[in-house]
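In: Here's a sequence, model it:
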Amino acid sequence: MKVKAAAKINLMLDVLGTLPDGYHSLFMIMQSVDCCDTVEVNLAKTKDAGISIRTADERVPKDERNIAFKAAQAFFEATKAENPGIEIAIEKKIPMAAGLAGGSADAAGVLYCLNTIFKTDLPLLELARIGERVGADVPFSLIGGTALCMDKGGVIAPLRPLQNCSVLLCKPDMGVSTVSAYKLIDSAPRIRHTDKNAMLYAMHNSDYKLLCEKADNVFEQVVEVPKRPYIKGIMREYGADLTLMSGSGPTVYGLFSDAQSAEACANMLRRDFREVYVCAPVEHGIEVIEL
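Out: Presented below is the predicted three-dimensional model:
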């Protein structure tokens, strides 16, 4: 079975505190975009093959360090289904260590495929509960669209879709460790929190202008991305309605009402950056390509 797994951007990201289990309590407004990895899951040709991962990208771990591998393990543990051996093939397009949930999207794709292959027929929200065990962005990556995600990512409420616009992604040539980013949040003497009520009002009323004014990401206060001001400046010069870092970074995105302006801006940014993509909002996290 083969699926496309969508990247996400954060229209809002706030860290509310630490939960009793040591994880962070989050407030995230997420949006799926059509920059996608392709995930294929098949039964292995030989029995007792366990879980194997195949990819042409040498940066992708092929063992239990890969969140897609962990998702498969979590699926078999939760459902008690017997694993006769599975092969996972991942074709990467979503930039890595970028704040775009590329690994979480792959994990979501694996869970979706396994649920179909093994005929466990779990509802998406139940699959999301399994996904939450391996990553905060996995539940949203399964459900997709536009949503408010809270707690450790597993409390999800759908929101009205983002208006038709172009989303320009630009990842500087660096990665950001999510673990390190949260340590920076924990050690910061003061964090200016986001205007959540105004943002929810904007989302509920499809007020694009207010959304662009109130969108915020607390990680911008602690995660140093030297090229971020430059990227934002170029995007604003070309008419971006909003420029913001996604997740713990380093990717900066811009929302453009005018598609031609987004393309022109992308061409300018490609002079300095290798990973630049023009995409669009989508209303799903997983799209089936082949059963």
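In: what's the longest strand in the protein?
Out: When the chain is parsed with DSSP state E, its longest strand is strand 24-43.
In: Mind giving me the packing neighbours of that strand?
Out: Of the remaining helices and strands, those touching strand 24-43 by 3 or more CB pairs under 8 Å, 6 or more residues apart in numbering; DSSP states H and E are strand 2-18, strand 86-91, helix 102-117, strand 146-151, strand 166-171, helix 196-204, strand 275-279, strand 286-290. For the C-beta atoms, the positions are set from N, CA and C on the backbone; glycine is no exception.
In: The helix or strand bottoming out on mean pLDDT in the chain versus strand 24-43: what angle between them?
Out: Ranked by mean pLDDT, DSSP states H and E, the weakest helix or strand in the chain is helix 178-187, scoring a mean of 92. In terms of direction (axes from the mean of the first three to the mean of the last three CA atoms, to 10 degrees), helix 178-187 departs from strand 24-43 by 170 degrees.
In: about what we covered before: so which bits of the following helix or strand past the longest strand of the chain are buried?
Out: As assigned by DSSP states H and E, the chain's next helix or strand after strand 24-43 is strand 51-54. Neighbour counts over strand 51-54 (16 or more other CB atoms under 10 Å) mark 51, 53 as buried.
In: Direction included, what does strand 51-54 pair against?
Out: Paired strands of strand 51-54, with direction, are strand 86-91 (parallel) (DSSP bridges).
In: any residues touching the partner strand, and which ones?
Out: 37-44, 49, 51-57, 60, 68-69, 72, 106, 110, 114, 117 (CB atoms under 8 Å, 6 or more residues apart in numbering).
In: same thing with stretch 267-274?
Out: Taking CB under 8 Å, 6+ apart as the rule, stretch 267-274 contacts 168, 170, 171, 172, 173, 227, 231, 234, 235, 238, 276.
In: Switch these over to JSON lines; also include pLDDT, distance to residue 263 and neighbour count.
Out: As requested, the contacts of stretch 267-274 are exported to JSON lines (pLDDT from 0 to 100; distance: CB to CB, whole Å; neighbours: other CB atoms under 10 Å):
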{"residue": "168", "pLDDT": "98", "distance to residue 263": "9", "neighbour count": "26"}
{"residue": "170", "pLDDT": "98", "distance to residue 263": "13", "neighbour count": "29"}
{"residue": "171", "pLDDT": "97", "distance to residue 263": "18", "neighbour count": "27"}
{"residue": "172", "pLDDT": "96", "distance to residue 263": "20", "neighbour count": "22"}
{"residue": "173", "pLDDT": "93", "distance to residue 263": "22", "neighbour count": "10"}
{"residue": "227", "pLDDT": "97", "distance to residue 263": "21", "neighbour count": "16"}
{"residue": "231", "pLDDT": "98", "distance to residue 263": "16", "neighbour count": "26"}
{"residue": "234", "pLDDT": "98", "distance to residue 263": "13", "neighbour count": "22"}
{"residue": "235", "pLDDT": "98", "distance to residue 263": "13", "neighbour count": "27"}
{"residue": "238", "pLDDT": "98", "distance to residue 263": "9", "neighbour count": "21"}
{"residue": "276", "pLDDT": "98", "distance to residue 263": "11", "neighbour count": "19"}
